[in-house]
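*Asks:* For reference, the sequence and a predicted model appear below.
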Amino acid sequence: MPALRSLVLGCVSAAVISSSALATPQTAAPARLPNLVVIFIDDLGYADIGAFGAKEYATPHLDRMAKEGRRFTDFVSSTAVCSASRAALLTGCYHRRVGIAGAFGPGAKRGINAREMTLAEVCKQKGYATACYGKWHLGHHPKFLPRQHGFDEYFGLPYSNDMWPHHPAYRHLPAGSPKIPYPKLPLIENETVVDAEVTGEDQTKLTTQYTERAVRFIEKNRERPFFLYVPHSMVHVPLYVSDKFKGKSKAGLFGDVMMEVDWSVGQILGALRKHGIDDETLVVFTGDNGPWLNYGDHAGSASPLREGKGTMWEGGIREPTLMWWPGQIPAGSKCDELASTIDVLPTVASLIGAKLPDHKIDGKDIRPLMFGKPDARSPHDAFYCYYANGELQAVRDRRWKLYFPHRYRTLSGRKGGTGGIPVAYDHRRSGTELYDLKNDISEITDVASKHSDVVARLQKLAEIARDDLGDRLTKRPGKGVRPAGKLLRGDTRLKW
């Protein structure tokens with residue numbers, strides 16, 4: 001190990017030492033604070049990578065990551081929509097608590113509140129270099145962008161890549177038509193628009209550009225601890241892929257794009273190995289929500305889960321998740337316990353000895369699960385499934401999930417669209433339904449009538465959530481909800 005990378009053992013963080021104690025017996029405490037890499041895929045289905053069932057295209061780098069690390073089979077996002085789920089990951093809170101719902105568009109005048117402490121700001125307490133390369137989607141005006149929230153560098157799209165005038169759904173309309181709801185799509189570096197009109201050709205380069213910057217960041221900061229956040233724009237529609245992978249899969253354009261995502265992971269892991277810091281780096285691979293199923297052959301698969309993006313059924317929020325840290329996380333292992341994106345922030349804070357924010361967060365320290373501690377159980381007695389519109393649609397624990405009556409979208413068994421054009425969803429209404437997720441992962445059989453005691457217990461937990469976080473279904477405001485950031489008069493606007 002290069003001398004410049006090593007810290008005097010007497011200065012090793014107590015949190016890092018304690019993390020070693022939670023690891024498998026043969027592991028040793030790392031000689032410095034660990035690096036953190038979070039790779040966050042947009043609209044990733046549960047069965048979209050090889051380690052979770054994908055067969056029509058190869059994901060060798062993710063497969064290797066699974067063999068050398070740990071698969072989390074019950075890892076959920078806070079909700080099934082873009083901005084809200086990203087807010088949850090970066091703040092360690094239910095999106096409902098931080099006041100962010102839905103998906104911000106180019107007309108939004110809200111974003112992440114400066115009072116919230118992000119994962120980057122947690123790492124900054126310990127002198128970490130920080131960078132975000134990819135889709136931000138927590139507000140596009142300067143006060144909301146990454147460098148105002150703990151990141152040293154930013155490059156990427158401010159929101160989803162379909163929020164632009166060239167979406168396939170508008171291709172029949174003439175340029176400039178008032179029926180096109182979006183302005184030109186900007187590409188941003190730090191707070192500067194570097195490409196005011198992203199084209200389809202530009203989008204084919206995004207995955208490569210994010211990856212190249214990530215690799216350079218690792219090389220530049222290999223001598224110090226760093227946090228690298230790579231929220232890819234793909235596999236959100238419209239799909240674009242570079243010539244390196246165009247036509248390479250057996251699953252059409254979607255498979256090509258997933259192969260390029262896998263290549264990106266391989267480049268990042270390869271950079272860590274090249275610089276000899278792989279055993280000093282925790283890598284988390286997960287996604288924001290499930291697949292956008294009505295796009296059909298341009299969407300992934302949530303199999304064997306029910307429904308997808310835009311619903312709080314398991315297909316909408318459960319993500320195929322891998323954690324990798326050679327010598328610390330047991331290789332080839334699996335965790336079936338409930339964990340979530342909101343747990344990443346408090347877990348990292350514990351690892352590096354950083355302070356948590358003074359305000360309430362909802363995530364838990366999952367080091368025992370991550371390090372494979374024998375008999376480790378989920379720290380969540382309850383997980384609250386708030387849809388992005390503020391409805392508490394379900395509450396679950398390690399085994400059971402109770403749904404409350406709500407309207408949801410579904411294809412009703414029909415196929416989705418082709419060529420990037422979606423079909424319309426049907427809408428149905430659920431009842432008060434209970435599912436045994438350990439024995440019925442597909443949520444097929446409602447067992448509420450057979451387990452009235454479980455229903456009653458989960459309903460009591462739901463009442464606690466409604467008092468704290470509110471519930472649009474029951475018209476409760478919630479005492480613990482904090483406001484999102486707002487664009488105020490005099491604030492600088494992003495112009496392009």
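*Replies:* Now that the structure is in, tell me what you want to look at.
*Asks:* Around the nearest residue to residue 341 once chain neighbours are set aside, how many other residues sit close by?
*Replies:* The shortest distance from residue 341 to any non-neighbouring residue, by CB to CB, 6 or more residues apart in numbering, is to residue 89 (4.3 Å). For every residue, glycine as well, the C-beta is placed using N, CA and C. Counted with other CB atoms under 10 Å, residues neighbouring residue 89 total 27.
*Asks:* for residue 194, same thing?
*Replies:* Residue 194, neighbours per other CB under 10 Å, totals 11.
*Asks:* for the residue nearest to residue 438 when sequence neighbours are not counted, what are its contacts?
*Replies:* Among residues not flanking residue 438 along the chain, residue 399 sits closest, at 4.8 Å (CB to CB, 6+ apart). Applying CB atoms under 8 Å, 6 or more residues apart in numbering to residue 399 gives the contacts 436, 437, 438.
*Asks:* Now intersect the residues you listed with the helices, please.
*Replies:* Secondary structure from DSSP state H places none of these in helices.
*Asks:* among those, who's most crowded?
*Replies:* residue 437 (19 neighbours).
*Asks:* Surely it touches residue 396?
*Replies:* Yes: contact criterion CB atoms under 8 Å: residue 437 and residue 396 qualify, at 7.0 Å.
*Asks:* Can you check my assumption that residue 214 lies in a helix?
*Replies:* Yes: Residue 214 sits within a helix when classified using DSSP: H, G, I helix; E, B strand; the rest coil.
*Asks:* Report how many residues lie close to it.
*Replies:* Residue 214: 24 neighbours (other CB under 10 Å).
*Asks:* Can you give me the distance of it to residue 266?
*Replies:* 12 Å (CB to CB, to the nearest Å).
*Asks:* Let me know how buried the closest residue to residue 175 other than its chain neighbours is, in neighbour terms.
*Replies:* Excluding the flanking residues, the one nearest residue 175 by CB to CB, 6+ apart is residue 165, at 7.4 Å. By other CB under 10 Å, 17 other residues sit near residue 165.
*Asks:* Likewise for residue 192?
*Replies:* 12.
*Asks:* Excluding chain neighbours, what is closest to residue 382?
*Replies:* With CB to CB, 6+ apart, the residue lying closest to residue 382 is residue 461, at 4.3 Å.
*Asks:* Ramachandran angles for that neighbour?
*Replies:* phi -60, psi -40 (degrees, to the nearest 10).
*Asks:* Packing partners of the helix ranked longest in the chain?
*Replies:* Taking DSSP H as the criterion, the chain has its longest helix at helix 252-274. If you count contacts as 3 or more CB pairs under 8 Å, 6 or more residues apart in numbering; DSSP states H and E, helix 252-274 packs onto strand 35-41, helix 60-68, helix 206-220, strand 226-231, strand 281-287.
*Asks:* returning to that earlier point: got the contact list for the residue nearest to residue 382?
*Replies:* Contacts of residue 461 by CB under 8 Å, 6+ apart are 381, 382, 395, 397.
*Asks:* Kindly report the same for residue 213.
*Replies:* 131, 133, 153, 155.
*Asks:* Quick check: beta-bridge partners of the third one?
*Replies:* Same thing as residue 153. residue 131 (DSSP bridges).
*Asks:* gap between it and residue 268?
*Replies:* In terms of CB to CB, residue 153 sits 16 Å off from residue 268.
*Asks:* what about those two, which has more around it?
*Replies:* Applying other CB under 10 Å to residue 153 and residue 268 shows that residue 268 carries more neighbours, namely 24 against 17.
*Asks:* ok, that one to residue 38 distance?
*Replies:* Distance from residue 268 to residue 38, by CB to CB: 11 Å.
*Asks:* my read: residue 190 touches residue 147, true?
*Replies:* Yes: Residue 190 lies in contact with residue 147 (CB under 8 Å); the separation is 5.7 Å.
*Asks:* before we move on, back to that, quick one: average confidence on the longest helix of the chain?
*Replies:* In this model, helix 252-274 has a mean pLDDT of 98.
*Asks:* Over to stretch 371-385?
*Replies:* On average, stretch 371-385 scores 97.
*Asks:* Dump that stretch to PDB, restricted to CA.
*Replies:* As requested, C-alpha coordinates have been extracted for stretch 371-385 and formatted as PDB (Å, rounded to 0.1, in the frame of the first residue of the first chain):
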ATOM      1  CA  PHE A 371     -21.000  -7.400   7.100                       C
ATOM      2  CA  GLY A 372     -23.000 -10.600   7.400                       C
ATOM      3  CA  LYS A 373     -23.100 -10.700  11.200                       C
ATOM      4  CA  PRO A 374     -24.600 -14.100  12.200                       C
ATOM      5  CA  ASP A 375     -28.400 -13.800  13.000                       C
ATOM      6  CA  ALA A 376     -28.500 -10.100  12.100                       C
ATOM      7  CA  ARG A 377     -32.000  -8.900  11.600                       C
ATOM      8  CA  SER A 378     -33.500  -5.900   9.900                       C
ATOM      9  CA  PRO A 379     -33.500  -2.800  12.200                       C
ATOM     10  CA  HIS A 380     -36.800  -1.700  10.800                       C
ATOM     11  CA  ASP A 381     -39.800  -2.700  12.900                       C
ATOM     12  CA  ALA A 382     -41.900  -1.000  10.300                       C
ATOM     13  CA  PHE A 383     -41.300   0.500   6.900                       C
ATOM     14  CA  TYR A 384     -43.800   3.000   5.600                       C
ATOM     15  CA  CYS A 385     -44.700   2.900   1.900                       C
END
